[in-house]
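**Student:** got a structure for you, letters missing:
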């Protein structure tokens, strides 16, 4: 169930991160990057001893959105 929540938050966070980062990728690409970002955000937070995506709450959305923003930023750097 935890992975399903990460995918759900990843889709939402990819969309939110694309708005914040003013991404010119397609919505589908941003959602996929958001799903990857949710996993990355969760793993990074776990690495620092904090819970990652813990359920349907604001904290989890923030973690997933930050992870998605990082992945979108890295994608921009690698694309150049």
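**Tutor:** That came in fine, so what should we check first? Source: prediction; values computed, not measured.
**Student:** Now do the helices in this protein.
**Tutor:** 2-20, 27-47, 58-79 (DSSP state H).
**Student:** Now mean pLDDT and mean neighbour count too, for the ones you listed, in TSV please.
**Tutor:** C-beta coordinates here come from the backbone N, C-alpha and C atoms, glycine included. Output for those, formatted as TSV (pLDDT from 0 to 100; neighbours: other Cβ atoms under 10 Å):
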stretch	mean pLDDT	mean neighbour count
helix 2-20	76	20
helix 27-47	79	20
helix 58-79	81	19
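**Student:** Any figure for the gap between the nearest residue in space to residue 37 that is not next to it in sequence and residue 51?
**Tutor:** Closest residue to residue 37 apart from its sequence neighbours, by Cβ to Cβ, 6 or more residues apart in numbering: residue 68 at 3.0 Å. Look at residue 68 and residue 51: by Cβ to Cβ, to the nearest Å, they are 18 Å apart.
**Student:** same check, this time on residue 27
**Tutor:** Applying Cβ to Cβ to residue 27 and residue 51 gives a distance of 29 Å.
**Student:** go on, residue 19?
**Tutor:** 25 Å.
**Student:** Residue 63 too?
**Tutor:** Using Cβ to Cβ, we find residue 63 at a distance of 8 Å from residue 51.
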